[in-house]
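Engineer: turn this into a model:
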Amino acid sequence: MVKSDRRTFLKLAAVAASGAASRSLHALTALSAPGNGMRAWRTAGSQRFQSIEAPVWQTGASGSQPSIHLDPSQRYQQVLGFGAALTDASCYLLEQLDAPGRAAILEECFGPSGLRLSVARTTIGSSDYSVNAYSYDESPVPDPDLTHFSIEHDRTYILPLLRQARQVNPDLFYFSSPWSPPGWMKAGGSLLGGSMRKHYFPSYAQYFVKFLQGYAAEGVKIQAVTVQNEVDTDQDGRMPQALWGQEYEMEFIKDHLGPALQKAPLDTKIWILDHNYNLWGRVVDELSDPDVYKFIDGVAWHGYAGSPSVMTRVHDMFPEKHAYWTEGGPDYTEPDYATNWAKWSSTFTGILRNWARCIVSWNLVLDEKGRPDIGPFSCGGVVTLNSATHEVTRSGQFHAFAHYSKVIQRGAQIFSSRGDVPGVDHVAAENPDGTKVLILTSQGREEQQVQCALGDQTLSVTLPPDSVTTLMW
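Structural biologist: Model prediction:
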């Protein structure tokens, strides 16, 4: 992550509503089966995705000019889903729980009565959120034939956790990112910082293949990979990370990784960049090379610098290539960590309104001090697990996710919602089962009345300050 921009962006995070692992979201409110009537849920003040009295569509003039116009015929991207990263740190913490406690958190995050998260990121080797730094082939001397390759580290608690999460949600989509190649593949010889040595490209492509095949043999299929987490920084050697120049990434994909996956054969998708919006020019250059383009499914974006609108710019140039939002999570040190779900919801809305198919947070679980970690950042988990008491705290981002992941199904299509309402953000989607969703986020300090129009029907919604409201019909 870009050092100068990370803290600013992380101010969009929040943590709220402490409770034991058994005091789950679905114990607070249940999502009933789809019906014909309007349903509504709200997070504001002491409410957490709480069912509220739903507004009613009325035919004819409402007596006031509509604020938001809905048009389901104008459709955009299909949604893949919502989720978080099951890092080494997150899996390690969950392993410290007894079986019922671990199952309760996984059910709450991935289960049908919980958040219904359906996308998860894993790491290829260690990230900055790991108990220690490791790769799958650390050797004091170069090992280009990968004779020492092993995923044994992950068999202890990562792979069992990934299998358990997918048992909770069989449709869980996994994608994986490396933070660093093995140290001997890099200039400097260390997992910490540095850059890739070009002459190890063939070995590194096989490293990906062995990882994917090894995980598949353990019952965990990985459906997409990125070449490198945050290609444009080595974080000054403070954590596992590698710098990849644009030409290096392009050459690696078109001459090594792409062909290696085809030959294996593996149907794993390749996503490029896995870094910030402000690097969109690099994406354009890479996708403009037909030999790179043919191997790429889409672009992985982070929001620590730049504007989400660049995802639309790239989409307009390369409409067949998808956008995926693959990282962004809370900062546990923020003073409003417990209350700014509206800021996170506003962030999510901006992402979905710019063609992204998924929204994936950073660590699913960390402790009260953002640990375990071996890096310089103060990230918090979507869920905080107290290291001493195992008490669970659900973040503001967690509560924001509920308004999206519980109601927007995989395969839903974002559709047009137009209207500029000061302090209010909105996004709409239609699910494969025909239900429609409108999410309204108010960051204002005063109550607002919003008029919505759908064809010749209108409805009026009262939005409290600092609130997220979801309508479903």
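
Engineer: compute the first-to-last residue distance for stretch 236-244.
Structural biologist: From the first residue to the last, stretch 236-244 extends over 14 Å; the measure is CA to CA, to the nearest Å.

Engineer: if you count neighbours, what's buried in it?
Structural biologist: Judged by neighbour count (16 or more other CB atoms under 10 Å), stretch 236-244 contains these buried residues: Met239, Pro240, Gln241, Ala242, Leu243, Trp244. For the C-beta atoms, the positions are set from N, CA and C on the backbone; glycine is no exception.

Engineer: got it, and stretch 51-69?
Structural biologist: When neighbours are counted by 16+ other CB under 10 Å, the buried residues of stretch 51-69 are found to be Ala54, Pro55, Trp57, Pro66, Ser67, Ile68.

Engineer: can you put the residues you listed in CSV and add secondary structure, pLDDT and distance to Lys321?
Structural biologist: Listed next are these as CSV, based on DSSP: H, G, I helix; E, B strand; the rest coil; pLDDT from 0 to 100; distance: CB to CB, whole Å:
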residue, secondary structure, pLDDT, distance to Lys321
Ala54, coil, 97, 38
Pro55, coil, 96, 38
Trp57, coil, 95, 37
Pro66, coil, 80, 35
Ser67, coil, 94, 34
Ile68, strand, 98, 30
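
Engineer: out of these, who's nearest Pro422?
Structural biologist: For these, the minimum distance to Pro422 (CB to CB) is 9.9 Å, reached by Ser67.

Engineer: assumed Arg163 was part of a helix.
Structural biologist: Yes - Arg163 forms part of a helix when assessed by DSSP: H, G, I helix; E, B strand; the rest coil.

Engineer: secondary structure class of the residue sitting nearest the centre point of the chain, three-state.
Structural biologist: Most central residue of the chain, judged by C-alpha distance to the mean C-alpha position with CA atoms, centre = their mean, is Val360 at 0.5 Å. Classification of Val360 by three-state DSSP places it in strand.

Engineer: that one against Leu86, yeah?
Structural biologist: No - Val360 is beyond contact range of Leu86, at 10.6 Å (criterion: CB atoms under 8 Å).

Engineer: so what sits against both of the two?
Structural biologist: By the contact definition CB atoms under 8 Å, 6 or more residues apart in numbering, Val360 and Leu86 are jointly contacted by Ala120, Arg121.

Engineer: show me where the stretch 201-350 of the chain has strands.
Structural biologist: Residue ranges of the strands in the stretch 201-350 of the chain, as given by DSSP state E, counting those that start in this stretch, are 224-226, 269-276, 298-302, 322-327.

Engineer: Lys210 is nearest to which of the ones you listed?
Structural biologist: Proximity to Lys210 (CB to CB) singles out strand 224-226 among the strands of the stretch 201-350 of the chain, at 12.5 Å.

Engineer: not counting that closest one itself, show me its contacts.
Structural biologist: 124, 173-178, 208, 212, 268-274, 297, 300, 326.

Engineer: now it: mean pLDDT?
Structural biologist: Looking at strand 224-226 alone, the average pLDDT works out to 99.

Engineer: make 59 the first number, not 1, from now on.
Structural biologist: Got it, the first residue is 59 from now on, which makes the last one we talked about strand 282-284.

Engineer: the closest residue to Leu521 other than its chain neighbours: what's it in contact with?
Structural biologist: If you skip the residues right next to it in sequence, Leu521 has Ser500 as its closest partner in space, 4.1 Å away by CB to CB, 6 or more residues apart in numbering. Ser500 makes contacts with Ala400, Gly481, Val482, Gln506, Leu521, Pro522, Pro523, Asp524, Ser525, Val526, Thr527, as judged by CB under 8 Å, 6+ apart.

Engineer: so how far is Ser403 from the fifth one?
Structural biologist: It stands for Leu521. Noted for Leu521: a distance of 12 Å to Ser403, by CB to CB, to the nearest Å.

Engineer: quick check: which ranges of the stretch 259-408 of the chain have low pLDDT?
Structural biologist: The stretch 259-408 of the chain contains no residues with pLDDT under 70.

Engineer: for it, which segments count as helices?
Structural biologist: Assignment of helices within the stretch 259-408 of the chain using DSSP state H, counting those that start in this stretch yields the ranges 259-275, 304-310, 316-321, 338-345, 348-351, 367-375, 399-410.

Engineer: a markdown table for the ones you listed, including mean neighbour count and distance to Pro158?
Structural biologist: Formatted as a markdown table, the entries for those read as follows, by neighbours: other CB atoms under 10 Å; distance: least, CB to CB, whole Å:
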| stretch | mean neighbour count | distance to Pro158 |
| --- | --- | --- |
| helix 259-275 | 19 | 27 |
| helix 304-310 | 18 | 44 |
| helix 316-321 | 16 | 40 |
| helix 338-345 | 18 | 45 |
| helix 348-351 | 14 | 48 |
| helix 367-375 | 18 | 41 |
| helix 399-410 | 24 | 28 |
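
Engineer: for Cys149, which of these is the nearest?
Structural biologist: When the helices of the stretch 259-408 of the chain are ranked by proximity to Cys149, the top entry is helix 259-275, at 13.6 Å, counting by CB to CB.

Engineer: residues contacting the closest one, please?
Structural biologist: Contacts with helix 259-275, where a contact means CB under 8 Å, 6+ apart, come from 182, 194-195, 201-204, 207, 209, 212, 217, 234, 239-240, 243, 254, 279-280, 283, 309-310, 313-315, 317-319, 322, 324, 326.

Engineer: CA atoms only: put stretch 308-327 into CSV for me.
Structural biologist: Listed in CSV are the C-alpha atoms of stretch 308-327, where the atom choice follows Å, rounded to 0.1, in the frame of the first residue of the first chain:
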residue,chain,number,x,y,z
MET,A,308,3.6,-7.7,-18.8
GLU,A,309,6.5,-10.1,-19.8
PHE,A,310,5.8,-12.4,-16.9
ILE,A,311,2.1,-12.8,-17.9
LYS,A,312,2.4,-13.1,-21.6
ASP,A,313,5.6,-15.3,-21.8
HIS,A,314,5.4,-17.3,-18.5
LEU,A,315,2.3,-17.3,-16.2
GLY,A,316,-0.4,-17.3,-18.9
PRO,A,317,1.2,-20.1,-20.9
ALA,A,318,2.0,-22.1,-17.8
LEU,A,319,-1.6,-22.0,-16.6
GLN,A,320,-2.8,-23.1,-20.0
LYS,A,321,-0.3,-25.9,-20.2
ALA,A,322,-1.0,-27.2,-16.7
PRO,A,323,-4.0,-27.0,-17.6
LEU,A,324,-5.7,-24.7,-15.1
ASP,A,325,-8.7,-22.4,-15.6
THR,A,326,-7.5,-19.9,-13.0
LYS,A,327,-8.2,-16.3,-14.0
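
Engineer: much appreciated, bye for now.
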